[in-house]
Structure formats: C-alpha cells, structure tokens
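*Asks:* no sequence on this one, just coordinates:
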C-alpha cells in the first residue's frame with residue numbers, strides 16, 4: 001500500500017482502518033495523530049507572532065513572524081534545521097510545519113507563546129488574546 005490518510009470521523013472509516021491494518025504487509029508504519037489544528041487557532045498564533053515580531057528582538061535582532069514561529073516551535077522540541085540555499089546565498093529553514101500540528105499541539109504552542117510573551121512584556125493587540133487568558137487556547141475550536 002502506498003501512503004494513505006484516513007480521518008476517523010465515523011464507524012465506516014474505523015472499519016476501513018481495521019481492514020487496512022489487517023492487510024498491511026510486515027514492516028508497514030502506522031502513525032496516529034490528533035485532530036488537526038483549527039483555523040481560529042491558526043489565526044490566534046499568527047496574531048501573536050505578529051505582536052512578537054513588531055515588539056521584540058532576539059539576540060539583538062528583529063525577526064519576521066515566520067522566523068519567530070520557527071523559534072517558538074523549536075523551543076517546544078519541534079525539529080528545525082537550516083540548509084544552504086540552492087544559489088549558495090544564505091540559509092533556509094526546514095522542519096515541521098505548524099499546519100501539521102494537532103489541536104492539542106497548537107494549544108501547547110499558544111500557551112508557550114503566551115507565557116513567553118508575559119515574561120517578556122509583549123502587549124497583545126488582539127482583544128481575544130492574553131493577558132488574563134479570558135479563554136483557554138485549548139477551547140479555540
């Protein structure tokens with residue numbers, strides 16, 4: 001079997017998963033992931049990253065939101081590597097995309113960013129964001 005993705009949303013998909021499991025050849029790999037992150041979680045993350053990018057420096061330099069995302073994901077143990085660009089000028093980041101995060105993983109990222117921001121004095125511009133944690137990031141569904 002080539003690669004396949006099955007979202008367990010009904011008994012039919014669960015039956016298909018059981019059938020695929022029974023038919024899988026030895027050495028097959030199976031990966032279980034939680035439900036994918038939500039659009040509100042993604043919007044919240046990008047709003048927070050924008051606030052950090054416009055207000056904070058890291059090692060004496062300002063970074064764009066994409067770079068801050070890599071820094072925060074790395075801080076949570078996500079792999080991030082930098083490889084030389086094809087033209088030999090500079091480096092490009094590679095690693096896990098935040099779009100692959102589950103709801104729970106995205107909540108962990110938002111909670112980490114919230115704590116980091118509180119420690120560093122970030123002023124959140126989105127009224128739905130901290131301080132006060134009016135809503136739990138795990139509820140952003």
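*Replies:* Sure thing, it's come through. All values reported here derive from a predicted model rather than from experimental measurement.

*Asks:* Please point out which parts of the helix or strand in which residue 108 is found sit buried.
*Replies:* Here residue 108 sits within helix 103-120, counting by DSSP states H and E. Going by neighbour count (16 or more other Cβ atoms under 10 Å), the buried part of helix 103-120 is 103, 105-111, 113-114, 116-117. Quick note: C-beta positions are derived from backbone N, CA and C, even for glycine.

*Asks:* closest to residue 92 among these?
*Replies:* Relative to residue 92, the closest of the buried residues of helix 103-120 is residue 109; by Cβ to Cβ it sits at 21.5 Å.

*Asks:* Setting aside sequence neighbours, what's the nearest residue to the residue most central in space within the chain?
*Replies:* What sits nearest the mean C-alpha location of the chain, by Cα atoms, centre = their mean, is residue 98, with 3.1 Å. The shortest distance from residue 98 to any non-neighbouring residue, by Cβ to Cβ, 6 or more residues apart in numbering, is to residue 69 (6.1 Å).

*Asks:* Shouldn't the one you found be within a helix?
*Replies:* Yes. Under DSSP: H, G, I helix; E, B strand; the rest coil, residue 69 falls within a helix.

*Asks:* for it, what are its contacts?
*Replies:* 45, 49, 98 (Cβ atoms under 8 Å, 6 or more residues apart in numbering).

*Asks:* ranges for the helices of this protein?
*Replies:* 11-23, 39-55, 65-75, 103-120 (DSSP state H).

*Asks:* Mean pLDDT and distance to residue 2 added to these, as a markdown table?
*Replies:* Listed next are these as a markdown table, based on pLDDT from 0 to 100; distance: least, Cβ to Cβ, whole Å:
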| stretch | mean pLDDT | distance to residue 2 |
| --- | --- | --- |
| helix 11-23 | 93 | 12 |
| helix 39-55 | 94 | 29 |
| helix 65-75 | 91 | 29 |
| helix 103-120 | 94 | 26 |
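
*Asks:* With distance to residue 81 as new columns, can the ones you listed be given to me in JSON lines?
*Replies:* Converted to JSON lines, the helices of the chain look like this (distance: least, Cβ to Cβ, whole Å):
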{"stretch": "helix 11-23", "distance to residue 81": "32"}
{"stretch": "helix 39-55", "distance to residue 81": "20"}
{"stretch": "helix 65-75", "distance to residue 81": "10"}
{"stretch": "helix 103-120", "distance to residue 81": "19"}
